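Trainee: Return a 3D structure for these sequence lines:
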Amino acid sequence: MDLFVVRHAATSSGRAGVPKAERALSNRGREDAATLARGLARLGVRLDRLVHSPWRRAVETAEALTLLLDGETFVDADLLRGPSPALLTRLEGRRVAVVGHRPGLGQLVSMLVLGGPDHGERFSIKRGGVVWLRGKAEPGGMTLRAELPPRVLQAL
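Mentor: Below you'll find the model as predicted:
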């Protein structure tokens, strides 16, 4: 399996009265999400499954990735927390993307590469960036294939 761990793109600044879950992508964030999708497309990436957080900024980032999608999209509230065995069972397919937030995404990468979530800070994914993993979606079952920050995706 190829797993693309995507941090949502840049958001608009928090305004009084707007819940954190409802923060939308900024204009730059929308551009970065489109750049992310184009960069992955240039690498020949197609997705069987797209799993994303229910928060608006993750939904909007995932929407940009649907041009790569040949399969289904799933909303998963487990992406609002640290990685869980339940989340890992939903990562099935040959090429899957997960769109979420920090620190949970770093913890997910740590679990999949190092066997546990305790070193998530070592995998700090930039907003609108991707970590590409390959292997089995189980603790310690994946290897790091590439880290693609927004600048690299834009250069593609």
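
Trainee: Return the residues in contact with residue 129.
Mentor: For residue 129, the contact set (Cβ atoms under 8 Å, 6 or more residues apart in numbering) comprises 6, 7, 36, 147, 148, 149, 150, 153. (Each C-beta comes from the backbone N, C-alpha and C, glycine too.)

Trainee: Which elements pack onto the longest helix belonging to the chain?
Mentor: Among the segments of the chain that qualify as a helix by DSSP state H, the longest is helix 27-42. When contacts are defined as 3 or more Cβ pairs under 8 Å, 6 or more residues apart in numbering; DSSP states H and E, helix 27-42 sits against helix 56-65, helix 150-155.

Trainee: Max pairwise distance over the contacts of residue 129: which two?
Mentor: With Cβ to Cβ as the measure, no two of those lie farther apart than 36 and 147, at 13.3 Å.

Trainee: Show me the common contact partners of the two, please.
Mentor: 129, 130.

Trainee: Between those two, point out the one with more neighbours.
Mentor: residue 36 (30 against 16; other Cβ atoms under 10 Å).

Trainee: Local confidence estimate at that one?
Mentor: Looking at residue 36, its pLDDT is 96.

Trainee: now residue 15
Mentor: Model confidence at residue 15 (pLDDT) stands at 67.

Trainee: where do the strands sit along this protein?
Mentor: Counting by DSSP state E, the segments of the chain that form strands are 2-7, 47-52, 69-75, 95-100, 130-135, 142-148.

Trainee: Distance to residue 119 and mean pLDDT for those - can I get that in CSV?
Mentor: Listed next are these as CSV, based on distance: least, Cβ to Cβ, whole Å; pLDDT from 0 to 100:
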stretch, distance to residue 119, mean pLDDT
strand 2-7, 15, 98
strand 47-52, 22, 97
strand 69-75, 27, 95
strand 95-100, 18, 97
strand 130-135, 13, 98
strand 142-148, 13, 96
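
Trainee: Thanks again, I'm all set now.
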